[in-house]
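okay, predicted coordinates and the sequence, questions at the end:
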Amino acid sequence: MCTVCGCGKGETRIEGQDHGHGHDHHHQGDEAPGSRLVRIEQDILAENNRYAAANRRYFSERGIHCLNLVSSPGSGKTALLLRTLNDLKGEFALGVIEGDQQTSNDADRIRATGVPAIQINTGKGCHLDGHGVGHALESLNPARGSLLFIENVGNLVCPAAFDLGEAHKVVILSVTEGEDKPIKYPDMFHAADLMLLNKIDLLPNLDFDLGQCIDYARRVNPRIKPIQISARTGEGMADWYQWLRASRQLALVGQPAPAQGV
Amino acid sequence: MHELSLCESLLRIMERNAEEQGYSRVIRVWLEIGALAAVEVEAMRFGFEVATRGTLAEGAGLEIIELPGEAWCMACAETVPVRQRYDQCPHCDGCQLQVTGGDQMRIKELEVE
């Protein structure tokens, strides 16, 4: 495994990048006699957190507001994103990093809206990590002052632990899933600042208990904000956009004004 | 499922440390894993074996120190034990808990040669 840039021998592939290594692997030849103890006291995620911190610095220097969208597969994450991009592309410069195990279908759908997108295929990997996102930024080169959405791999477990450098994690839960998802997957709901309850146009046909779901989410994370939306009918989308504008404004306080567009 | 990438991350930390400290083999690894760290200890053991094959830590013993979850209850103003993030306070049944311990996953120590 590469200790210079941290690339593993995994299967992550980033569109348009053949990540060859200009540096070689070298090994320590000398063996110390006898065994000894070495204290490390380091977080196992320290490597990822280092890459995430570099991404966060990159965003901050460019006034880019980055959101990490997480959910289980089939919550309507991509449809939500497509509608959001179409509705906001006149207002902000936008960019998308798409994470999926295989295919570039989602990035293709995003690019059809005219918004630049880059696909990361994680292979067998079940989440994006700070290192992969850093490489994706090199290719995507998002505009200064833009809104950048990262659509994480559909999975309510693993992406919770991996910071990508985003300003906020946004968890999407569709009402066709169980209302107890927040307590079944507490780490994700704990890590998110916003919960988008999607597909609420289907509520009349379901037994989903909306109040109970929000109670569960607040039990895991008292500061989480729930917004009810339907990416299909557009209901509630104005609230989501209002939250995006407000959180972006807050993040930009004290930052030099970003140049608009590029 | 992310235990395998945690183990790859662990391996990278050991490889870097081996260069700094000048050792070539890891014999034993001590990890501290909190009850709220969302880590399956068995999956971690399996991932460690797979990730370390053919590396400086192949065949190394993995000692996992499991730490209990702890939270600060704002209503009771004291530290209480929790097993899950959604647990209520065992004293007042309140939900105003701030997790203060048991969410860590750290490498503590290595035995090397």
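Yes, it's here.

ok but residue A:98 is inside a strand, no?
Yes. Read with DSSP: H, G, I helix; E, B strand; the rest coil, residue A:98 is one of the residues of a strand.

ok, now which ones touch it?
Residues near residue A:98 by CB atoms under 8 Å, 6 or more residues apart in numbering or on different chains: A:104, A:106, A:107, A:110, A:117, A:118, A:119, A:120, A:151. Where you see a C-beta, it was placed from the backbone N, CA and C, and this is true even at glycine.

so can I have a markdown table of these showing secondary structure, distance to residue A:44 and pLDDT?
Formatted as a markdown table, those follow (DSSP: H, G, I helix; E, B strand; the rest coil; distance: CB to CB, whole Å; pLDDT from 0 to 100):
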| residue | secondary structure | distance to residue A:44 | pLDDT |
| --- | --- | --- | --- |
| A:104 | coil | 31 | 88 |
| A:106 | helix | 30 | 90 |
| A:107 | helix | 31 | 92 |
| A:110 | helix | 33 | 94 |
| A:117 | strand | 31 | 96 |
| A:118 | strand | 28 | 95 |
| A:119 | strand | 28 | 94 |
| A:120 | strand | 22 | 93 |
| A:151 | strand | 26 | 96 |
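
how about the strands in the stretch 1-150 of chain A?
A:13-14, A:36-43, A:65-71, A:94-100, A:117-121, A:147-151 (DSSP state E, counting those that start in this stretch).

what angle sits between the fourth one and strand A:147-151?
Direction vectors for strand A:94-100 and strand A:147-151, defined by axes from the mean of the first three to the mean of the last three CA atoms, to 10 degrees, enclose an angle of 10 degrees.

rounded mean pLDDT for strand A:94-100, please.
Mean pLDDT, computed over strand A:94-100, is 95.

partner strands of that strand and their direction?
Paired neighbours of strand A:94-100 in the sheet (DSSP bridges): strand A:117-121 (parallel), strand A:147-151 (parallel).

okay, strands next: where are they in chain B?
Secondary structure of chain B, counting by DSSP state E: strands at B:26-34, B:61-67, B:69-73, B:78-82, B:97-101, B:105-112.

could you list the buried residues of the last one?
Neighbour-count burial for strand B:105-112, with 16 or more other CB atoms under 10 Å in any protein chain shown as criterion, is recorded at B:105, B:106, B:107, B:109, B:110, B:111, B:112.

TSV for those, including pLDDT?
Formatted as TSV, the buried residues of strand B:105-112 follow (pLDDT from 0 to 100):
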residue	pLDDT
B:105	92
B:106	94
B:107	95
B:109	95
B:110	96
B:111	96
B:112	96
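
and which of those residues is nearest residue B:30?
Distance to residue B:30 across the buried residues of strand B:105-112 (CB to CB) is lowest for residue B:109, with 4.5 Å.

now do the contacts for the nearest residue to that closest one once chain neighbours are set aside.
In space, and not counting its chain neighbours, residue B:109 is closest to residue B:30: 4.5 Å by CB to CB, 6 or more residues apart in numbering or on different chains. By CB under 8 Å, 6+ apart, the contact set of residue B:30 is B:63, B:65, B:107, B:108, B:109, B:110.

to residue A:222, which of the strands paired with strand A:94-100 lies closest?
Across these, residue A:222 has its closest neighbour in strand A:147-151 (25.3 Å, CB to CB).

list the strands paired with the next helix or strand along the chain from that closest one, with their directions.
Beyond strand A:147-151 on the C-terminal side, the first helix or strand identified by DSSP states H and E is strand A:168-174. Sheet pairing here is set by DSSP bridges, and for strand A:168-174 it gives strand A:65-71 (parallel), strand A:194-198 (parallel).

CA atoms of the shortest one as CSV?
Just to be clear, that refers to strand A:194-198. In CSV, the C-alpha atoms belonging to strand A:194-198 read as follows (Å, rounded to 0.1, in the frame of the first residue of the first chain):
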residue,chain,number,x,y,z
LEU,A,194,-30.6,18.1,8.2
MET,A,195,-33.1,15.3,7.5
LEU,A,196,-35.0,15.5,4.3
LEU,A,197,-38.2,13.3,4.5
ASN,A,198,-38.8,12.5,0.8
